[in-house]
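*Asks:* kindly return the folded structure for what I paste below:
(chains A and B)
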Amino acid sequence: MANNKNKPLILIVDDDDITRLTLRKVLEKETDYQLIEARNGIEALEQFKKHQPDMVLMDVMMPEINGYEACHAIRKISDEDTTPIMMLTGLNDIDAIEQAFYVGATDFITKPINWPILAQRVRYAMRTSELYVDSRKKQLQLSHAQHIAKLGYFEYNKNTHSFTCSEELLNIFNIDADSNQLSFNQFIHAIPASEQEYFIESIDTAISENIHCEFTHHLISDTNKDRIVKLHGEPILDENKIPYGIAGTIQDITERKQAEALIQLRTYYDTITELPNRFYLSKQLGKLMQQAETNNHTISIILFHLDRFREINDTLGHRIGDQLLRIIAKQFSHYFRDEAIFARFDGATFALILNKVRSVDETIVIAEKILDMLAQPYIVHEHEVFISGSIGITLHPDGATDKETLLKNADTAMSLARKSGGNQYQFFSSEMNTLAEQRLQLETDLRKALDRNEFRVYYQPQFDCQTRKIIGMEALIRWIHPVRGIVSPLEFIPIAEETNLIMAIGEWVMKTAMAQTKLWHQQGHPLRIGVNLSAIQFTDKNLIANIEKSLKETGLAPEYLDFEVTESIAMDDFNTTLNILHKIKSMGIRISIDDFGTGHSSLGYLQRMPVNTIKIDRAFIKNIGNGDDGTLAKAIIAMAHSMDLNVIAEGIEIENHYDFLKLYKCNELQGFLFSPPLPTDKFEAFINQNSAA
Amino acid sequence: MDESKLMDLDTIKYLRATLEDDINALFNTFITETPSSIENLARAINQQNILNTYNTAHLLKGSGGNIGASAFANACNILEQQSENNALIQPEIQVANIRQLFKETVTYMNNNMS
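*Replies:* Presented below is the predicted three-dimensional model:
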């Protein structure tokens, strides 16, 4: 309503001053409306445009333009305008009344005006108008909502075959609302022939049995061939409660269906390979397990990981890696198309579930086939890629009662195949499960070990080969587990590296060993300390800052610090590693290559690395004097000396080792012949005793 | 003329009850403005201008009827109908009658103003 901010506004139009005045006086006394006046049709139009009144009371006979013309002109201002116009006409003047409605009047009041009922008539007209406006607004909102929801309405009378529908239904059927009306025949023929019979039968049943009907069907036409709609219908009843037709809604759910299909695809399928993913596999596995239990047959769960896939990604890029996954997905999904499920499990791991397996041998044949297929070189974007697989297999029923455990068991077996060098298959066994659980427990305990102060640094002395005097020591971590006692670093360091706990543990060892060394310096033992740096620590952006901080905090002179690194650090991003090593070297710290000869680095890498010392791995020492003539050890010593590098031999256990290494001028020695790694107090006693001697 | 024939007393009663003293303004407007319209009516008749006769008779009928001057409004209505049918019968006499009824109406109004 135009003037709803205040009181409703009424425009009184009459050329008779006395009637106008009387209307004003009576309405002022009897109502709460605001009033404005016009003396003729022209003034009425001006006032209407200017004030947009909520109602007009207008005489018919006036000079200039009469009431009909003025009413018609007001209606022409806006199609949407619904302002009530009440015409003041002569009593029983039927022609005038008809003419008034024809030009758009809402109602009429006869003259002479019946004053006692005037106010009631005006109020009633005003209320009716408000209701009409409200109803119209709601109708528009409903129509708008139906348009947004793509929801059309229809009514079908089966007896007369009459069919009526809303504008939105015509939109859904793509029929121009201005020029067409949908007939029942058009309605039926817009449905594919294959669905028509069901459609008609459903409608007929709903009517004859007086029940609700609901179904989804398609629409066909040149423009609607891909549309999907949902129909809800309710019977229409006559006065005797007998159904004679159906009223219902039809909603275009094409986009919803497409979205659902997309969600389904994203949820259950892998975007790279388009294979079913882990969620889909898990869902289906539950069903297959149930079927296997019911029908008493066996299923095999085979997980296979592409060995060294990460290296392919790192060296050739993810584009090649992804393409390799696609090629393998296509090849295997085709080959195993008759098997129950082939899916991408995770990263470079695929899963194959074999249903109704007759024997374990059958599964072995499949596993060997997988290894054979992977052994063939793959051509990916002109690159020849060689790959192998690590396969984990578990069977059901075979102990596991749920799909999660079953998949975990296959995963455990696959991990064992990987750890055993890859290119092989392993069946899951309960022992394997125990080991996996122990490992998980170890990981949990490891996370708490630093806070619980369960780590200790042990020190193993290093000696000058010629003088047999102690010149330094290697810091070696020991974990004193509250239940298991001492846990070997060989057991927990790989877990610490996998979980990145090595960062914190390595930093703690470095600080502890440096502080202790500084203490021994102050006690008169100027020893060098060797601290191991893991390849994982080289990915720590704070490594250099932490070293600088530790040197500052402990006060240890850098030349007494020797970082021991393995050849494997050169494997990942050599340039970055080299950069870090140069920074360490520039700080005055020594660098040793630990376990030399067991890794894969080339001499070319070694030459470029700012190394001071090579530590010959114990593998080259242990058999000297016992069938081994020490050729490799001699070669390593000679090569190191030619590169002006210091050489430490590890694993010196017997005097023969010592004699041999002294003969070939190895610089330094470390091993059980002299001392095992010792805890701080015992090491301190050892060096005191040694220096006294 | 008897007041009940001269005036629509129900209308007068309603207007008085509703408008109270404001009814005086209505009566005064009627008393002030009507004479000129009656003169216009007389002139139109003299000039045999049937359209003006019809319009003025319609106007006077409306204002008289709406304010409760029923006898006056009826007289104007007869003239309006005759002019609509272009069949005036002794219009001068009818105008004289209208004048007389106006005069009586004025008397009534003056007597009934508060």
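
*Asks:* residue 62 in helix, strand or coil?
*Replies:* The chain I'm using is chain A. What DSSP: H, G, I helix; E, B strand; the rest coil gives for residue A:62 is coil.

*Asks:* wait, it sits on residue A:43?
*Replies:* No: when contacts are counted by Cβ atoms under 8 Å, residue A:62 is not listed as touching residue A:43 (9.5 Å). Every residue, glycine included, has its C-beta placed from N, CA and C.

*Asks:* looking at chain A, what residue ends up closest to chain B?
*Replies:* For chain A and chain B, the shortest gap (Cβ to the nearest Cβ) falls at residue A:112, measuring 3.3 Å.

*Asks:* and the gap between the nearest residue to that residue once chain neighbours are set aside and residue A:109?
*Replies:* Nearest residue to residue A:112, sequence neighbours excluded (Cβ to Cβ, 6 or more residues apart in numbering or on different chains): residue B:65, at 3.3 Å. Going from residue B:65 to residue A:109 by Cβ to Cβ, to the nearest Å gives 13 Å.

*Asks:* neighbour count winner among these two?
*Replies:* Per other Cβ atoms under 10 Å in any protein chain shown, whichever of residue B:65 and residue A:109 has more neighbours is residue B:65, with 23 against 19.

*Asks:* element containing the more buried one, please.
*Replies:* helix B:50-67 (DSSP states H and E).

*Asks:* buried sites along the helix or strand following that helix?
*Replies:* As assigned by DSSP H and E, the chain's next helix or strand after helix B:50-67 is helix B:70-84. By 16 or more other Cβ atoms under 10 Å in any protein chain shown, the buried positions in helix B:70-84 come out as B:70-73, B:75-77, B:79-80, B:82-83.

*Asks:* packing partners for helix B:70-84?
*Replies:* helix B:3-6, helix B:50-67, helix B:91-112 (3 or more Cβ pairs under 8 Å, 6 or more residues apart in numbering or on different chains; DSSP states H and E).

*Asks:* pLDDT weak spots in chain B?
*Replies:* Judged against pLDDT under 70, chain B has no low-scoring part.

*Asks:* show me what counts as buried in the longest helix anywhere in it.
*Replies:* Longest helix of chain B, by residue count under DSSP state H: helix B:23-46. Going by neighbour count (16+ other Cβ under 10 Å), the buried part of helix B:23-46 is B:23, B:26-27, B:29-30, B:34, B:37-38, B:40-42, B:44-45.

*Asks:* hey, C-alpha coordinates of that helix in CSV?
*Replies:* Output of helix B:23-46 as CSV, limited to C-alpha atoms (Å, rounded to 0.1, in the frame of the first residue of the first chain):
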residue,chain,number,x,y,z
ILE,B,23,-23.0,20.5,9.7
ASN,B,24,-23.3,24.2,9.8
ALA,B,25,-20.4,24.5,7.3
LEU,B,26,-22.2,22.1,4.9
PHE,B,27,-25.5,24.1,5.2
ASN,B,28,-23.6,27.4,4.7
THR,B,29,-21.8,26.1,1.6
PHE,B,30,-25.1,24.9,0.2
ILE,B,31,-26.8,28.2,1.0
THR,B,32,-23.9,30.2,-0.5
GLU,B,33,-23.1,28.2,-3.6
THR,B,34,-26.5,27.0,-4.8
PRO,B,35,-28.0,30.4,-6.0
SER,B,36,-25.4,30.8,-8.7
SER,B,37,-26.0,27.3,-9.9
ILE,B,38,-29.8,28.0,-10.0
GLU,B,39,-29.0,31.2,-12.0
ASN,B,40,-26.9,29.1,-14.4
LEU,B,41,-29.8,26.7,-14.8
ALA,B,42,-32.2,29.5,-15.5
ARG,B,43,-29.8,31.0,-18.1
ALA,B,44,-29.4,27.6,-19.8
ILE,B,45,-33.1,27.3,-20.1
ASN,B,46,-33.5,30.8,-21.5
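
*Asks:* got the buried residues of helix B:70-84 as JSON lines, with distance to residue A:377 columns?
*Replies:* Formatted as JSON lines, those follow (distance: Cβ to Cβ, whole Å):
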{"residue": "B:70", "distance to residue A:377": "117"}
{"residue": "B:71", "distance to residue A:377": "122"}
{"residue": "B:72", "distance to residue A:377": "119"}
{"residue": "B:73", "distance to residue A:377": "115"}
{"residue": "B:75", "distance to residue A:377": "121"}
{"residue": "B:76", "distance to residue A:377": "116"}
{"residue": "B:77", "distance to residue A:377": "115"}
{"residue": "B:79", "distance to residue A:377": "118"}
{"residue": "B:80", "distance to residue A:377": "113"}
{"residue": "B:82", "distance to residue A:377": "118"}
{"residue": "B:83", "distance to residue A:377": "115"}
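
*Asks:* farthest pair within these?
*Replies:* The span of the buried residues of helix B:70-84, defined through Cβ to Cβ, is set by B:70 and B:83 at 20.2 Å.

*Asks:* hang on, the earlier thing: what sits against the residue of chain A closest to chain B?
*Replies:* A:91, B:8, B:11, B:62, B:65-66, B:70, B:73 (Cβ atoms under 8 Å, 6 or more residues apart in numbering or on different chains).

*Asks:* hmm, try it at 7 Å
*Replies:* When contacts are counted by Cβ atoms under 7 Å, 6 or more residues apart in numbering or on different chains, residue A:112 touches B:65-66, B:73.
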